[in-house]
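K.L.:
got a sequence here, can you model it:
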Amino acid sequence: MSTPQAHIQTLIDEMVAVGPEAGLQVAAYHKGEVVVDAWAGADSLTGKPVDGDTLFVTFSVSKGITTTVMHMLAERGLIDYDRPVAYYWPAFAQQGKDRITVRQVMAHTAGVPHLPLDMTPEDSVDWDKQVRWIETAAPLWEPGTQTGYHALTIGTILGKLAELVDGRPFARIVQEDICAPLNIDSLFFGAPDAVMDRIAMMDWSPNPDMPMPPPDALIWQAIPATLQPLSMHANRHDFRQAVVPAASAVANARALSKMYAALVGDGVDGVRLLSKERVGIATQMQTDGMDCVLGQIWPKGLGYFLGCATATTTCVSPTAFGHTGAGGFTAYADPAHDLAFALCKTRMVDEMDPDRMTMRIFERELYRALGLG
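P.N.:
Just a heads-up that it's a prediction; the model follows:
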């Protein structure tokens with residue numbers, strides 16, 4: 001077989017040429033070294049080519065970055081997973097939330113996944129409004145009794161906690177504690193004007209075979225219909241410049257894979273963001289039950305998704321941890337193989353068949369090319 005770089009580049013070229021993809025980036029580290037840095041295609045709305053420096057709004061891949069911040073703060077002794085959120089943030093205690101712990105929030109068991117059903121796109125980037133909503137929201141279930149994806153609210157809670165215990169704005173914490181040590185210049189919460197021209201436009205390719213959740217499904221409370229389609233947010237200037245810790249990170253595959261590579265093995269260039277012991281704590285299974293928001297079994301650690309996939313897909317490595325993003329983004333690390341992988345794309349596609357998911361195809365082919373599976 002050809003080198004991992006050549007193999008993945010050929011696969012990217014084929015997917016762009018024949019579909020379903022328009023523009024793709026893939027990057028991977030193995031044992032602290034870059035083994036894949038590949039791209040092809042363009043965004044289909046403007047025709048602007050994708051290259052290695054192209055940036056993307058990465059949606060829920062953002063949660064993996066926010067989670068990493070929280071574990072770095074925990075390692076510094078500023079966060080105790082089992083303390084109530086209200087210990088750090090007294091206003092959070094309203095409406096029966098006084099006993100909700102940081103652990104429950106990070107495991108998506110806190111019971112506050114919901115947003116106002118009339119939330120507007122402008123509301124979604126209003127940090128103060130999001131914080132006030134969280135403070136006054138009442139749990140939908142007894143905290144700790146079930147798991148349900150806190151699609152946007154987890155970012156508000158964790159981002160506010162980070163600011164309260166650290167004292168710096170959340171975006172600054174990311175820049176100074178993650179990007180600076182790793183010399184990453186392509187990862188932002190609140191993208192500056194100077195990089196706006198590098199951000200790809202997104203398009204949405206709905207799957208006609210994907211069943212729509214019923215009107216009373218909790219997913220419509222976690223991500224209200226007023227915020228659909230998600231692709232529109234990626235193309236909004238205010239969303240790109242907003243700090244939405246659950247969804248608005250602007251990054252590329254190079255930056256994401258490098259961050260995750262710094263969580264496993266010996267890190268990157270001698271830099272590890274978290275100790276091996278902390279990664280072990282962060283990736284302990286918290287829940288593998290049915291997610292009442294997503295309607296799927298989705299194994300979760302403390303903030304990270306585990307096994308790099310849902311139970312409806314085939315995982316190459318059950319030790320992987322990270323986060324996927326709407327439309328097919330993904331970024332994760334696999335400590336068992338000292339591997340980090342990230343995929344960014346311009347076309348959002350929902351695929352039900354794991355054998356046809358772009359992220360899963362590249363994942364399987366990368367492991368095969370490296371002789372890991």
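K.L.:
tell me the contacts of the closest residue to residue 327 other than its chain neighbours?
P.N.:
Nearest non-adjacent residue to residue 327, counting by CB to CB, 6 or more residues apart in numbering: residue 348, 2.6 Å away. Bear in mind the C-beta positions are built from the backbone N, C-alpha and C, glycine included. By CB atoms under 8 Å, 6 or more residues apart in numbering, the residues touching residue 348 are 202, 203, 204, 205, 230, 231, 326, 327, 328.
K.L.:
of these, closest to residue 216?
P.N.:
Each of the contacts of residue 348 was checked against residue 216 using CB to CB; the closest is residue 230, at 20.8 Å.
K.L.:
right, and the closest one touches residue 327 too?
P.N.:
Yes. Using CB atoms under 8 Å, residue 230 makes contact with residue 327 at a distance of 7.2 Å.
K.L.:
more neighbours: which of those two?
P.N.:
residue 327 (24 against 19; other CB atoms under 10 Å).
K.L.:
check the gap between that one and residue 206 for me.
P.N.:
Residue 327 sits 10 Å away from residue 206, going by CB to CB, to the nearest Å.
K.L.:
for residue 285, same thing?
P.N.:
Distance, residue 285 to residue 206, using CB to CB: 33 Å.
K.L.:
again with residue 304
P.N.:
Relative to residue 206, residue 304 is positioned 28 Å away (CB to CB).
K.L.:
how about the helices of the stretch 101-250 of the chain, start to end?
P.N.:
With DSSP state H, counting those that start in this stretch as the criterion, the stretch 101-250 of the chain has helices at 102-106, 121-124, 127-136, 153-166, 170-174, 180-182, 219-222, 231-234, 237-240.
K.L.:
what sits up against the fourth one?
P.N.:
Under the contact criterion CB under 8 Å, 6+ apart, helix 153-166 has outside partners 62-63, 66-67, 69-70, 73, 78-79, 85, 88-89, 92, 102, 105-106, 108, 110, 112-115, 127, 130-131, 133-134, 137, 150, 169-170, 173, 222, 243-247, 303.
K.L.:
if we go to 6 Å?
P.N.:
66, 69-70, 73, 78-79, 88-89, 105, 112-113, 130-131, 134, 170, 173, 245-246 (CB atoms under 6 Å, 6 or more residues apart in numbering).
K.L.:
which residues does the residue nearest the centre of the chain contact?
P.N.:
Taking CA atoms, centre = their mean, the centroid of the chain lies closest to residue 61, which sits 1.7 Å from it. Contacts of residue 61 were listed using CB under 6 Å, 6+ apart, and they are 323, 325, 329, 331.
K.L.:
surely the first one is in a helix?
P.N.:
No. Residue 323: not assigned to a helix; according to DSSP: H, G, I helix; E, B strand; the rest coil it is strand.
K.L.:
the residue nearest to it when sequence neighbours are not counted: neighbouring residues, count only.
P.N.:
Nearest non-adjacent residue to residue 323, counting by CB to CB, 6+ apart: residue 64, 3.7 Å away. Residues lying near residue 64 (other CB under 10 Å) number 27.
K.L.:
can you confirm residue 64 is in a helix?
P.N.:
Yes. Under three-state DSSP, residue 64 sits within a helix.
K.L.:
where does the stretch 51-200 of the chain dip in pLDDT?
P.N.:
By pLDDT under 70, the stretch 51-200 of the chain has no low-scoring segment.
K.L.:
for residue 137, see how far away the residue nearest to residue 323 is.
P.N.:
Where residue 137 is concerned, residue 64 sits at a distance of 24 Å (CB to CB).
K.L.:
please apply the same query to residue 39.
P.N.:
Going from residue 39 to residue 137 by CB to CB gives 41 Å.
K.L.:
more crowded one of those two?
P.N.:
residue 39 (23 against 20).
K.L.:
how about the strands in the stretch 201-350 of the chain?
P.N.:
For the stretch 201-350 of the chain, the strands defined by DSSP state E, counting those that start in this stretch cover 203-205, 250-251, 290-291, 296-297, 305-306, 321-325, 329-334, 339-345, 347-349.
K.L.:
that older thread, and residue 304 and residue 206? Which one has more around it.
P.N.:
The neighbour comparison of residue 304 against residue 206 (other CB under 10 Å) goes to residue 304, with 26 against 11.
K.L.:
got a list of what that one touches?
P.N.:
Applying CB under 6 Å, 6+ apart, we find residue 304 in contact with 67, 321.
K.L.:
coming back round to it: out of the helices of the stretch 101-250 of the chain, deepest packed?
P.N.:
Each of those was scored by mean neighbour count; the highest is helix 102-106, a mean of 24, by mean count of other CB atoms under 10 Å.
K.L.:
that one: how far from the chain's middle?
P.N.:
Here helix 102-106 is found 16 Å from its chain centre; the criterion is CA atoms, centre = their mean, to the nearest Å.
K.L.:
and stretch 2-17, by the same measure?
P.N.:
The answer for stretch 2-17 is 24 Å, by CA atoms, centre = their mean.
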